[in-house]
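K.L.:
Here is my input, please return the structure:
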Amino acid sequence: MRVLLALAGCAPEIDHATIPAQPPVATSVRPAARPPENVLLVTVDDIGVDLVGLYGAEGAPPTPTLDALAAEGVTFDRAYAMPLCSVTRASLLTGRYPTRTGVGSVMEYEPRGAGLRDAEVTLAELLAEAPDPWDTAIVGKWHVSNLYDGTALDGPRHHGFRRAFTTTSYVGSYSLWQKQVDGVSEFVGHYATTEVTNDAVHRIEELSEPWLLSVNYHAAHAPLHDPPASLAPGAHPTDRDKLDAMIVALDAELGRLLASMGPALRRRTTVVVLGDNGSEGIGDHGKGSAFEGGVRVPFIVAGPRVAAPGSRSAGLVSVVDVFPTVADIAGIDLQDGGHRAVDGRSLLPALEDPDAPVHDSVFVESFTGEDAPMGPGRTWGLRSARYKLVGWEGWGYVPHEDGLALFDLDEDPDETDDLAGDPEHAEILSVLRDQFDALEADLLADPG
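P.N.:
Presented below is the predicted three-dimensional model:
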């Protein structure tokens, strides 16, 4: 907690020449109470930086809402998710790397018994214990509960959310799909992106401040399709045209959600928008891999904590940073000894000063167990400011021989030149490998 210091200076007039000078006395002044502050956490699906114009993507669809949000906030240029959706969502909810959470792949690929463990503390559960308890709700895609034994139906409320209007996984059709309303299933015949926005608008109307609303859009995950003409007019003959149209529709609905809040509520709400993994359909370096195309995602934060609207940060950030950031906003001290190990760091210093460092390195991983239908395997990446070490062991998403690869991202952002066998880079390879070994030892020592 910040403490403001004031200099005492309320003495009568005296002859200062007759007494020695005294140092100023620092007295503690209680800071003015902050108004209720809310968090709107928006996750988009299968949208990496290669699909977003803010990140310099050529031919990207127009996203005026994201552009306007970036103009109000901080855009993080080097932000990382995990390679797959369920993995990211578990880490986002807990602030912990996948080895700790036990969620290493999408739920469909995991055996019976997989899913976010009860022992994990989610954002919703954390905020319920805040000094001023928060109200919580979640809408859209959930996808971190077991799809085999039915626990996914009411998974969000089981993990602390007061209200839940969600899908257990992605939708097979955007025009006819199944939604769970507080654990009760119903069929929906409305366009999924619009329905998620409607649910979000209604939840904001009923939530008590302070609140956390987690909004999880299905777009732009397959199936590719033509959105309603009111959201994305024109013809979309190719798959890329349809993908772009889905992003245009998503951006429009996000704009409607933000506009529904009104200026006053927006001024006391921190808005976080980020991707759950990289884009699909860009080869073996895309979604499902630990390469940049699979894990580098858009990440924008706007709201009352931003000191320099329209700024960009080059700090290394991760989805695990959302948990401690929200905790910081809520006034919860994660270092008091009563909390589980958290891998993230609060982004509030970076919102105050975009040049502030966040992490020296960030870690990404996905894995499957021995009994998973696709077989056991793992892929991971450890990125420093300049270099990135990528490893894989029997991982079906990366059609290479098992091993390690090293890339200089300053010189080779597309990761095409493997330096692992270059003697000139042996030292950096050794340093990153030692860092990985130390991190893995710490993760495996976690009691789970």
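K.L.:
What mean pLDDT does stretch 289-304 get?
P.N.:
Taken as a whole, stretch 289-304 has a mean pLDDT of 97.
K.L.:
actually stretch 405-414, sorry about that
P.N.:
The average pLDDT within stretch 405-414 is 97.
K.L.:
For it, which outside residues touch it?
P.N.:
Residues outside stretch 405-414 that contact it (Cβ atoms under 8 Å, 6 or more residues apart in numbering): 285, 292, 383, 386-391, 415, 417-420, 422, 425, 428-429, 432. All C-beta atoms are positioned from the backbone trio N, CA, C, and that covers glycine.
K.L.:
List phi and psi for the residue nearest the centre of the chain.
P.N.:
The chain has residue 319 as the residue nearest its centroid, 3.6 Å off, counting by Cα atoms, centre = their mean. Here is the backbone geometry of residue 319 (degrees, to the nearest 10): phi -60, psi -30.
K.L.:
ok, so what distance separates it from residue 295?
P.N.:
Applying Cβ to Cβ, to the nearest Å, the value for residue 319 to residue 295 is 10 Å.
K.L.:
again with residue 421
P.N.:
23 Å.
K.L.:
Tally up the residues packed near the nearest residue to residue 144 once chain neighbours are set aside, please.
P.N.:
In space, and not counting its chain neighbours, residue 144 is closest to residue 116: 4.5 Å by Cβ to Cβ, 6 or more residues apart in numbering. Residues lying near residue 116 (other Cβ atoms under 10 Å) number 25.
K.L.:
Same question for the one 4 residues further on.
P.N.:
When neighbours are counted by other Cβ under 10 Å, residue 120 registers 21.
K.L.:
What distance do you get for the residue nearest to residue 159 when sequence neighbours are not counted to residue 240?
P.N.:
When the adjacent residues along the chain are set aside, residue 159 lies closest to residue 122, with 4.7 Å between them (Cβ to Cβ, 6+ apart). Computed with Cβ to Cβ, the distance linking residue 122 and residue 240 is 36 Å.
K.L.:
Look at residue 223 and tell me its secondary structure.
P.N.:
Here residue 223 is coil, with the state taken from DSSP: H, G, I helix; E, B strand; the rest coil.
K.L.:
Same question for residue 326.
P.N.:
helix.
K.L.:
what's the distance between the residue nearest to residue 159 and residue 307?
P.N.:
For residue 122, the distance to residue 307 (Cβ to Cβ) stands at 29 Å.
K.L.:
higher neighbour count, these two?
P.N.:
Using other Cβ under 10 Å as the criterion, residue 122 and residue 307 rank with residue 122 on top: 24 against 11.
K.L.:
how about the longest helix seen in the chain: buried residues?
P.N.:
What stands out as the longest helix in the chain, according to DSSP state H, is helix 239-267. Of all the residues in helix 239-267, those buried under the rule 16 or more other Cβ atoms under 10 Å are 241-255, 257-258, 260-261, 266.
K.L.:
For the residue nearest to residue 329 when sequence neighbours are not counted, give its distance to residue 209.
P.N.:
Among residues not flanking residue 329 along the chain, residue 37 sits closest, at 5.7 Å (Cβ to Cβ, 6+ apart). In this view, residue 37 and residue 209 are 8 Å apart by Cβ to Cβ.
K.L.:
Which one's more surrounded, the two?
P.N.:
Taking other Cβ under 10 Å, residue 37 and residue 209 do not tie; residue 37 has more neighbours (20 against 14).
K.L.:
Show me where this structure dips below the pLDDT cut-off.
P.N.:
Counting by pLDDT under 70, the chain shows low-confidence ranges at 1-35, 112, 396-402, 447-448.
K.L.:
switch the cut-off to 80
P.N.:
For the chain, the stretches with pLDDT under 80 are 1-36, 109-114, 148-150, 281-284, 337-338, 370-375, 395-402, 447-448.
K.L.:
measure the closest residue to residue 296 other than its chain neighbours to residue 293 for me?
P.N.:
Sequence neighbours aside, residue 49 is the residue nearest to residue 296 in space, at 5.3 Å (criterion: Cβ to Cβ, 6+ apart). Per Cβ to Cβ, residue 49 is found 9 Å from residue 293.
K.L.:
so what sits against both of these two?
P.N.:
Shared contacts of residue 49 and residue 293 (Cβ under 8 Å, 6+ apart): residue 278.
K.L.:
so what's in contact with residue 319 and residue 295 at the same time?
P.N.:
Applying Cβ under 8 Å, 6+ apart, one finds that residue 319 and residue 295 are jointly contacted by 80-82.
K.L.:
Need the residues you listed in CSV (columns: secondary structure, distance to residue 326 and neighbour count).
P.N.:
Converted to CSV, those look like this (DSSP: H, G, I helix; E, B strand; the rest coil; distance: Cβ to Cβ, whole Å; neighbours: other Cβ atoms under 10 Å):
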residue, secondary structure, distance to residue 326, neighbour count
80, strand, 18, 30
81, coil, 17, 28
82, coil, 18, 33
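K.L.:
ok, of these, which one's closest to residue 341?
P.N.:
Nearest to residue 341, judged by Cβ to Cβ, of the shared contacts of residue 319 and residue 295 is residue 82 at 17.3 Å.
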